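S.K.: The following block contains a protein sequence and its predicted model.
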Amino acid sequence: MEKQTITIGLPRALLYYRYYALWRTFFQELGIEVAVSTPTDRDILDRGTALAIDEACLSLKIYLGHVAALVGKCDYILVPRVSNFGRHRNMCTRFESTPDLVRSVFRDSGQSFLSYEVDEEQKKTEEDAFLDLGKRLGCPPKAVKRAYKQAKKAEAAHHKARVQRYEQQYKRDGLKVLIAAHSYVMEDPYMGRPVTDYLKRVGVIPLRADMVDRDGALKKGRELSPTCKWEISREILGGIAMHRDDVDGIILLSAFPCGPDAMVNELIARRVKGVPMLNLVLDSQSGTAGVETRLESFIDIIRFQEGKL
Amino acid sequence: MAEVKTRKVAFPRYAEYSCAFKYIVEQALGCKYVMPPALTKRTMELGTKYSPDFVCTPFKTMLGSIIEALEAGADTLMMTHGLCRLGYYGELLEQILRDLGYQFDFINLSEYDMSKKKEYIRIVRRFNPKVNYARFLVQFMEGLRMTEYVDEITAEYYKGCGFDASGGQYKRAYQDFLTAMYTAQGRADVEAGYRAAKRSLQSIPLDKPQRPLRVGILGEFYTAMDAFSNLELEQKLADMGVEVHRWMNVTNQFLRYGSGQKNLRVKIQDLSQYDMGPTSTANIWYARECAERGYDGLVHIKSSGCTPEIDVMPVLQTISTDYKIPVLYLTYDAQTSDVGLMTRLEAFYDMIDMRKKVL
């Protein structure tokens, strides 16, 4: 019997930036092809904006644009539900709703979607979720188990390598700015990328609060905010707690109107004192001039304070 | 042994549940309750002034109400845990209040692991170390019963009050009931108040047509239930001559379905495979239920920036298309005006009224 290859679409937005090493390795190990949508451009943003409820956050709008770009081009599109990894380790409720939300929005498209559920407070672990996912794709359990193991290894190695790269940056000479943002904001060509590009252009070293050892950051984050309940926010809080003394300034970068950031960033601004801080909220602007003006004045302030202007 | 000072406890105003908070704090915990003043424009101004810009509106309302409670003499504040951003309200509220210079003791349920029974005893002890546990349990249950009565009478009131033919007796009966609950000192008071209200609401003649317009209210757990926050939407609709229904309340969401809403999800499997947020399953189920029962319209209420409710909207749109039931989506923020709401409600009413006559 001829074995048909399945293609799974991965929208390049939201959790993709956190999990792409895991997802890609897992599917690769199982001989399943992966199609990733192209990096965000104006067209993707516009399509997503048209599909979303207008009050939704910019990140979700971009996500829907990426899903739309994949519709009809793959057998399944992966839309997981990631609720929590235990108590006080929640994701934003948006990651609980995406599978059903996407199904409702693309109801008439004929596209099939694939989901897995991580909800450790309900005893649904990531491992079980992936084993079940592999089973539904018709792969033998043993192979799935091995694939998940490999994928977890690849994920850990990938993150570790990135963390090490950033740790090197701290040793460099020059003005360093720590950016606190979700990875899907930070790495998106329409959100965080223009910010880092600009900083590099003016000779500033951009660093990332979330590029730290995750377990250590979760614990360290407690010092800044004992009841913070969001996993990613806790990692960022931990990153700030670890590196606040190594940098010249902090940029709190969020997508409008990010629920967790609206509260956590307020708390950071109230608790982290003695280091210049810029609160930058991104919406779907058509140009980068506004953002660059604010960054420029922020960098000027830092340089002025340090007597280098 | 040092004398234990009686705490003066406050919790922000919340719909008509403040009577139950008061009852539980005073009768079960043996503390004093400081009733925050009724919510007003000043409350909102205070809350908005000190809140981050795009936090959800209930945060601003609660912050304003807490400041007013502190001004009224409270020395102990309590904040709940929660499944959405509500779970982080406590820590940020406390930080903002401390930065402003207020002094108080803060009991934040997010600091406790609420899945463990032992933690509840720790919390009760913090309120009052000398608490009598037998009395606590009995009176706590009575407080919950009061909550159920408030929900039951409120639901009955909004179904009927638009058709009161007696010139205001119906509303007076409801207000008398609330007064009885806010002043109850024991089980006898609660029961008497409830019975009197039940009797009045049933005996006052209503001038209700055979097939009145029926509208279902659903949405976010705070704004959909708090009359001040939704600018008395239910009363306004009822006054136009509409039978107003709302499933969402503390009784249904927590006391009856506290341990998961699996049985509600059975009927909406095709629309929602998972819980999309703390109230999504109930809201989607109720929307379909209203549609299947032939209601004339739905009103979906949320505060600005409420992530879970924004995410439910695409599913509600699907229900609206499938069942051809009109849905009015309302977003409330600190600036929403009475006049603007009235215009939209009148247009909605005219539309469902015309549809009823044609269909």
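M.R.: Great, that's in hand.

S.K.: Every contact and neighbour count from this point should use C-alpha atoms.
M.R.: Fine.

S.K.: all helices of chain A, in order?
M.R.: Secondary structure of chain A by DSSP state H: the helices cover A:16-29, A:42-51, A:58-70, A:94-105, A:126-136, A:141-170, A:183-186, A:192-201, A:214-224, A:231-243, A:259-271, A:289-305.

S.K.: With distance to residue B:322 as extra columns, can I get those in a markdown table?
M.R.: Shown next, in a markdown table, are the helices of chain A (distance: least, CA to CA, whole Å):
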| stretch | distance to residue B:322 |
| --- | --- |
| helix A:16-29 | 33 |
| helix A:42-51 | 19 |
| helix A:58-70 | 22 |
| helix A:94-105 | 12 |
| helix A:126-136 | 30 |
| helix A:141-170 | 39 |
| helix A:183-186 | 34 |
| helix A:192-201 | 40 |
| helix A:214-224 | 45 |
| helix A:231-243 | 37 |
| helix A:259-271 | 31 |
| helix A:289-305 | 43 |
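
S.K.: between these, which one is nearest to residue B:73?
M.R.: Of all those, helix A:259-271 sits nearest to residue B:73, with 26.2 Å by CA to CA.

S.K.: and the closest one, what does it pack onto?
M.R.: Judged by 3 or more CA pairs under 8 Å, 6 or more residues apart in numbering or on different chains; DSSP states H and E, helix A:259-271 is in contact with helix A:231-243, helix B:86-100.

S.K.: is chain B contacted by the shortest one?
M.R.: Just to be clear, that refers to helix A:231-243. No. Judged by CA under 8 Å from any CA of the partner chain, helix A:231-243 and chain B are separated, with a smallest distance of 11.8 Å.

S.K.: how big is the angle separating that helix from helix A:214-224?
M.R.: Here helix A:231-243 runs at an angle of 80 degrees relative to helix A:214-224 (axes from the mean of the first three to the mean of the last three CA atoms, to 10 degrees).

S.K.: What's the per-residue pLDDT of residue B:1 here?
M.R.: We have a pLDDT of 44 for residue B:1.

S.K.: Excluding chain neighbours, what is closest to residue 56?
M.R.: Here I'm looking at chain A. Nearest residue to residue A:56, sequence neighbours excluded (CA to CA, 6 or more residues apart in numbering or on different chains): residue B:310, at 6.5 Å.

S.K.: Chain B was what I was after
M.R.: In this structure, residue B:56 finds its nearest non-sequential neighbour in residue B:305, 5.2 Å apart by CA to CA, 6+ apart.

S.K.: my read: the one you found touches residue A:259, true?
M.R.: Yes. Residue B:305 is in contact with residue A:259 according to CA atoms under 8 Å; the separation is 7.1 Å.

S.K.: which residues do those two both contact?
M.R.: Any residue near both residue B:305 and residue A:259 by CA atoms under 8 Å, 6 or more residues apart in numbering or on different chains counts here, and that gives B:54-55.

S.K.: Low-confidence regions, the stretch 1-150 of chain A specifically.
M.R.: A:1-3 (pLDDT under 70).

S.K.: who are the neighbours in contact with the residue in chain B that chain A sits nearest to?
M.R.: Using CA to the nearest CA, the single residue of chain B nearest to chain A is residue B:276, 3.9 Å away. Each residue near residue B:276 by CA under 8 Å, 6+ apart is listed here: A:93-94, A:96-98, A:100, B:308, B:311-312.

S.K.: JSON lines for those residues, including neighbour count and distance to residue B:290?
M.R.: Formatted as JSON lines, those follow (neighbours: other CA atoms under 10 Å in any protein chain shown; distance: CA to CA, whole Å):
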{"residue": "A:93", "neighbour count": "26", "distance to residue B:290": "26"}
{"residue": "A:94", "neighbour count": "24", "distance to residue B:290": "26"}
{"residue": "A:96", "neighbour count": "26", "distance to residue B:290": "25"}
{"residue": "A:97", "neighbour count": "26", "distance to residue B:290": "22"}
{"residue": "A:98", "neighbour count": "22", "distance to residue B:290": "25"}
{"residue": "A:100", "neighbour count": "26", "distance to residue B:290": "21"}
{"residue": "B:308", "neighbour count": "24", "distance to residue B:290": "21"}
{"residue": "B:311", "neighbour count": "26", "distance to residue B:290": "20"}
{"residue": "B:312", "neighbour count": "25", "distance to residue B:290": "16"}
